[in-house]
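Student: The sequence and its predicted three-dimensional model are supplied below.
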Amino acid sequence: MDLAEFIQSMPLLDHHCHYLISADVKDREERLAQVSTEADNNYPIEDTKNRLAWWSFKEEAKNFYKKDDQNFLQPFTRQEYIEYNHSIFKRYNYQMLLIDTGFVPANPITSITETQEITGVTVRTIYRIETHAETWMQKEADFETWWKALENDVASAKENGFVGFKSIAAYRFGLRLKKVTIENAREAFTNWKESGSTRLTDAVLICFILWNLAPILVEQKMPLQFHVGYGDADTDMFEGNPLLMRPFLNEWSVKGLIVVLLHCYPYHREAGYLASVFPNLYFDTSLINPLGTASVESVLDEALELAPYSRYLFASDASTYPEMYGVAARRFKEALSQHFAKLRNIPVEQKEQWIRMICYQTSTNLYLKARNDRKNEK
Amino acid sequence: MDLAEFIQSMPLLDHHCHYLISADVKDREERLAQVSTEADNNYPIEDTKNRLAWWSFKEEAKNFYKKDDQNFLQPFTRQEYIEYNHSIFKRYNYQMLLIDTGFVPANPITSITETQEITGVTVRTIYRIETHAETWMQKEADFETWWKALENDVASAKENGFVGFKSIAAYRFGLRLKKVTIENAREAFTNWKESGSTRLTDAVLICFILWNLAPILVEQKMPLQFHVGYGDADTDMFEGNPLLMRPFLNEWSVKGLIVVLLHCYPYHREAGYLASVFPNLYFDTSLINPLGTASVESVLDEALELAPYSRYLFASDASTYPEMYGVAARRFKEALSQHFAKLRNIPVEQKEQWIRMICYQTSTNLYLKARNDRKNEK
Amino acid sequence: MDLAEFIQSMPLLDHHCHYLISADVKDREERLAQVSTEADNNYPIEDTKNRLAWWSFKEEAKNFYKKDDQNFLQPFTRQEYIEYNHSIFKRYNYQMLLIDTGFVPANPITSITETQEITGVTVRTIYRIETHAETWMQKEADFETWWKALENDVASAKENGFVGFKSIAAYRFGLRLKKVTIENAREAFTNWKESGSTRLTDAVLICFILWNLAPILVEQKMPLQFHVGYGDADTDMFEGNPLLMRPFLNEWSVKGLIVVLLHCYPYHREAGYLASVFPNLYFDTSLINPLGTASVESVLDEALELAPYSRYLFASDASTYPEMYGVAARRFKEALSQHFAKLRNIPVEQKEQWIRMICYQTSTNLYLKARNDRKNEK
């Protein structure tokens, strides 16, 4: 078996993705086009259809839709949808999806059991911190009770089935995370509570939350994901540069917090550098895998210029329809094959070990095993 | 006809370029060398001649100069210059030049009629906002009359033959455009007027101008170009990152302002991202086309990682001599051929449509047709 | 002789590197692994061994260690070490090392004579400004005597055998260098003196030092190197962007200060741009040469998109063991061969001239000849 076949056969643990939607959604073509871009729905659909991602999504649909090779974007019956999904997830050997439950598309399938049945893939969930902080703000009267409730919720997340956490600070103010005082946090909470808005955007409060939940995550040995770089028009990408996280990383990486930087583009070189100098820091180039289909190989190459192979992870950041997971996996596996084919003077066994790490092994260790266990295995 | 030939045959609408200079300029070699770089004239000419751009410019001159293949950088008679220019502009199928009239090189040909005669190409003009604001400051006594004059001038730009606007905010303070109050603008104007300098550099005043001219441009359906990234030593490239334009884009893109980001390097990935999420946003990688001749293909590939093909435009940013327009077109068409040759599973008709859009069609729609007309065409 | 052979035969002047360590260090494998990364020693060694650099270092050791091709990472006798070092430095035609004496690894060989004997290569030294400022702070009682001592030391550096200077401002606060007042500098000095720390981190004081030593360096025609971009976890890479040096370059480049930007990754495109518009500005992509072994070619290509070939220099930034110098030279020479093989329509004599400039000639001119001499040579 050559290396490309070995990579094709690799199981995938997708450590960052989202919900699928229902089989019977009527405007399937429009929904598939909309999820082929990070643009909002007020962005012209003609422009979206002039992106390569749309063409890759259509190609994927055409390849897997058996009933009609002209009209391959029709709504499904539940049974058809199950078969269609199974054929795609099986083709790329998806073994597990870690779903960030904090984002819910229209017409979602939010049931984990149902998602598992439809995809044929095991599902675990990721706890989005800001979303839960918002929910608890609506339930609790003051800062102290709110903070206690959030702390407890986070502390019991593992019991409640979550395998990791995610922060979308980059969507709310950016990544200049710093230590703040409890007095300032309390004041920020009060202002938020009185503002009438349920949306948490205050930098001080988000800093407080992350800085003070970090020890709990260290204790629980659970990873904290961060949205970094590429995302929808709602993120200020200048402030989403992971180099800005330095004070947070200086404090928490050495204390054992597992940090996972998601997406990272166009800061994937910066993320690779951080992974090469900070302990406990991991990253992926998800979202480019399905949405930047012409550049998956060059972005992967750049991400791996400095980073250890043991710090880089596969992820799709897909949602909505199986084509997005399919394109992400297909392009990622192709890029991985090309990357390793270019490496000279590395034994094939070493290449295979790195490929396993990237595709599923490192994520398995991070999200599914306690770190003590991992240490003992050595 | 294969795709490379198709691209060679494509008409070019160059939506961002500058004036040519006279036929009889004596130090033709020195002038050609100087325009092969963004450096000032105090930069050592030996270093400029150790850049690839200089070698590309020389090669271009040698290819088109028929009289003497050893001394091919001699001054021309007017008739020779016309023939020489025509041979170059015709070779690359230049159909139209949009000249930014705000920059005037030494020994310029500022007559549009004369430029058309010399090049054989139709010429239209772009209104540089800061330059006109400076002219009006010298004519008007106070903020109110100055602003009224500038507003009127902008509102009648279309009647006066202009097809678009350009801001060089990035050369004056950067791209952190924000909304400012009229009181602050009035104060900034008074300070400027009293300073004795005619040069407009005040951030508040430039923000005021752009924020308040935007509705007129929306009304007129005319594009607003921005200098972004790469330029001469006079620009602070750190502050020329287009991600910093987010507040301006959030306000105006959705209201219909057509924004065109010029040059963009080394922020062409950032520009491509913005084009993929903001409506009415277009960009080019001009200046790299003639001056970064070894990297035109990789920069074009990176620019198009996320952007729709319907948002990316050809431009040269050339000036002074026809070789610069020639090198820009030659390298751009080569890079475009290589880019599309790499794309798999895209029908040739679709590739041809995208190529037409990039070379002239999108610019024709933006600069030469009212947007209502374009909508009706669909 | 083809171009690749020509490049293999090129002498190398390594204008930025560090001390080697002793032959008999026991944990040779661990030390070699540690220097194959910029991570601190608390970074997991397993991750370091999952980086390509480690595999390149091992390959280099295996190629040159003749005694035992299984256990090729053993301590040496002095004589073995000399032969081993000579074989590596000779293989790549290293002619001179400029050692930054401000960084001292454990078990160093700090004797220049001994280093020359062990490597078979001529050694010259670079004066690290911040380190000397710290030494003088400990010796002098107040700002005035400290500043006078430092000034004198810098003014006599050439007599003391130094051929250039280096600033690590980027490791202390960043590259936003600006002009400060002597009053503020005096106050900063007093605070530092009273702080009990010998480490110089104050932005005002570092700005004062660099701004006020610059005229002496101009007078002495000696280059000033800056750490830029890539480095260990101790540098804030966001603040290490060379575009931030604009005020300093605007002031000093035109007055004749020779500035050399070291490493630069991931800002090598920015550095290339600066070299293309500022007089007296040079740069390298060292550190990537030995530590980013899969990307040396693409980084070199990007660095040279805009920069003159007369402004780009070879350097390794190596230290500790000869393998690091070896990998840097091997990968750099390979990348240079690939770069020049891709260039079309450039005469081979011109390519050879540029290759000579990059490998040793420009550095020879900058560090070893007074600029007046160079001017007279023309």
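Tutor: Cool, got the structure. Numbering: from 1, shown residues only, chains lettered A, B, ... in the order given.

Student: near chain C, which residues of chain A show up?
Tutor: By Cβ under 8 Å from any Cβ of the partner chain, the part of chain A that sits against chain C consists of A:241, A:243-244, A:246, A:250, A:254, A:269-270, A:273, A:276-279, A:301-302, A:304-311, A:342-343, A:345-346, A:350, A:354, A:357. To be clear about C-beta, it is placed using only N, CA and C from the backbone, and glycine gets the same treatment.

Student: what about burial for the residues you listed, which qualify?
Tutor: Neighbour counting over those (16 or more other Cβ atoms under 10 Å in any protein chain shown) leaves A:241, A:243-244, A:246, A:269-270, A:273, A:276-279, A:301-302, A:304-311, A:343, A:354, A:357 as the buried ones.

Student: out of those, which are inside strands?
Tutor: Using DSSP state E to define strands, no part of those is located there.

Student: Which of those fall within helices?
Tutor: Residues of these located in helices (DSSP state H): A:246, A:269-270, A:273, A:276-277, A:301-302, A:354.

Student: from those residues, which is closest to chain B?
Tutor: Of all those, A:Glu302 has the smallest distance to chain B: 10.3 Å, by Cβ to the nearest Cβ.

Student: how about that closest one, what does it touch?
Tutor: Residues near A:Glu302 by Cβ atoms under 8 Å, 6 or more residues apart in numbering or on different chains: A:268-269, A:272, C:295, C:298.

Student: Which stretches in the stretch 51-200 of chain A count as strands?
Tutor: A:94-100, A:122-128, A:162-167 (DSSP state E, counting those that start in this stretch).

Student: For A:Ile182, give its distance to A:Val218.
Tutor: A:Ile182 is 20 Å from A:Val218, where distance means Cβ to Cβ, to the nearest Å.

Student: Tell me which of those two has more neighbours.
Tutor: Each of A:Ile182 and A:Val218 has its neighbours counted (other Cβ atoms under 10 Å in any protein chain shown); A:Val218 has more, 17 against 12.

Student: Quick one: work out the angle between the helix or strand harbouring that one and strand A:162-167.
Tutor: Per DSSP states H and E: A:Val218 is located in helix A:203-220. Interaxial angle, helix A:203-220 versus strand A:162-167 (axes from the mean of the first three to the mean of the last three Cα atoms, to 10 degrees): 150 degrees.

Student: hang on, the earlier thing: can you list the strands of the stretch 51-200 of chain A in a markdown table and add mean neighbour count, mean pLDDT and distance to A:Glu114?
Tutor: Formatted as a markdown table, these follow (neighbours: other Cβ atoms under 10 Å in any protein chain shown; pLDDT from 0 to 100; distance: least, Cβ to Cβ, whole Å):
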| stretch | mean neighbour count | mean pLDDT | distance to A:Glu114 |
| --- | --- | --- | --- |
| strand A:94-100 | 22 | 98 | 12 |
| strand A:122-128 | 20 | 98 | 10 |
| strand A:162-167 | 24 | 98 | 18 |
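
Student: closest one to A:Asn289 among those strands?
Tutor: Closest of the strands of the stretch 51-200 of chain A to A:Asn289 is strand A:94-100, at 13.0 Å (criterion: Cβ to Cβ).

Student: Let me know the angle separating that closest one from strand A:162-167.
Tutor: Computed with the same axes, to 10 degrees, the direction of strand A:94-100 lies at 50 degrees from that of strand A:162-167.

Student: now stretch A:9-19: mean pLDDT?
Tutor: Here stretch A:9-19 scores 98 as its mean pLDDT.

Student: and that stretch, C-alpha only, in PDB?
Tutor: The C-alpha atoms that make up stretch A:9-19 are tabulated as PDB, following Å, rounded to 0.1, in the frame of the first residue of the first chain:
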ATOM      1  CA  SER A   9      -7.700   4.600   4.500                       C
ATOM      2  CA  MET A  10      -7.000   6.800   7.600                       C
ATOM      3  CA  PRO A  11      -9.800   7.100  10.200                       C
ATOM      4  CA  LEU A  12     -10.700  10.800  10.800                       C
ATOM      5  CA  LEU A  13     -11.600  12.300  14.100                       C
ATOM      6  CA  ASP A  14     -13.100  15.700  13.200                       C
ATOM      7  CA  HIS A  15     -12.500  17.700  16.400                       C
ATOM      8  CA  HIS A  16     -14.300  20.800  15.200                       C
ATOM      9  CA  CYS A  17     -17.600  20.800  13.300                       C
ATOM     10  CA  HIS A  18     -21.300  21.700  13.600                       C
ATOM     11  CA  TYR A  19     -24.800  20.400  13.200                       C
END
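
Student: What residues of it count as buried?
Tutor: For stretch A:9-19, by 16+ other Cβ under 10 Å, it's A:10, A:12-19.

Student: now do stretch A:106-117
Tutor: Residues of stretch A:106-117 classed as buried under the neighbour-count rule (16+ other Cβ under 10 Å) are A:107-109, A:112, A:115, A:117.

Student: now check stretch A:171-187, is it near chain B?
Tutor: No - using Cβ under 8 Å from any Cβ, stretch A:171-187 never reaches chain B; the gap is at least 11.3 Å.

Student: quick check, distance from that stretch to the centre of its chain.
Tutor: Taking Cα atoms, centre = their mean, to the nearest Å, one finds the center of stretch A:171-187 at 23 Å from the center of the full chain.

Student: what's the straight distance from one end of it to the other?
Tutor: By Cα to Cα, to the nearest Å, the extent of stretch A:171-187 from end to end equals 22 Å.

Student: How about stretch A:65-84?
Tutor: End-to-end distance of stretch A:65-84: 7 Å, with Cα to Cα as the criterion.

Student: Over to stretch A:164-176?
Tutor: Using Cα to Cα, first and last residues of stretch A:164-176 are 22 Å apart.

Student: before we move on, the earlier item: name the member of the contacts of A:Glu302 with the most neighbours.
Tutor: Ranked by neighbour count (other Cβ under 10 Å), these have A:His268 at the top, with 29 neighbours.

Student: Report the buried residues of stretch A:328-337.
Tutor: A:328-337.

Student: ok so, going back, from the buried residues of stretch A:9-19, which ones fall inside helices?
Tutor: In helices, judged by DSSP H, none of these are found.

Student: now those as a markdown table including distance to chain B?
Tutor: Output for those, formatted as a markdown table (distance: Cβ to the nearest Cβ, whole Å):
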| residue | distance to chain B |
| --- | --- |
| A:Met10 | 22 |
| A:Leu12 | 22 |
| A:Leu13 | 26 |
| A:Asp14 | 21 |
| A:His15 | 23 |
| A:His16 | 19 |
| A:Cys17 | 19 |
| A:His18 | 18 |
| A:Tyr19 | 22 |
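
Student: Farthest-apart pair in the residues you listed, please.
Tutor: The widest separation within the buried residues of stretch A:9-19 (Cβ to Cβ) is 24.6 Å, between A:Met10 and A:Tyr19.

Student: Kindly format the C-alpha coordinates of stretch A:27-44 as CSV.
Tutor: Taking C-alpha atoms only, stretch A:27-44 is exported to CSV below (Å, rounded to 0.1, in the frame of the first residue of the first chain):
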residue,chain,number,x,y,z
ASP,A,27,-34.3,25.0,-0.9
ARG,A,28,-31.4,22.5,-0.8
GLU,A,29,-29.4,24.2,-3.6
GLU,A,30,-29.6,27.6,-1.9
ARG,A,31,-28.7,26.2,1.5
LEU,A,32,-25.7,24.3,0.1
ALA,A,33,-24.5,27.4,-1.7
GLN,A,34,-24.9,29.5,1.5
VAL,A,35,-22.8,27.1,3.5
SER,A,36,-20.1,27.1,0.8
THR,A,37,-19.1,30.6,2.0
GLU,A,38,-18.6,32.4,5.3
ALA,A,39,-20.6,35.3,3.9
ASP,A,40,-24.0,36.3,5.5
ASN,A,41,-27.2,35.6,3.5
ASN,A,42,-27.3,39.2,2.3
TYR,A,43,-24.2,38.5,0.2
PRO,A,44,-25.1,38.0,-3.4
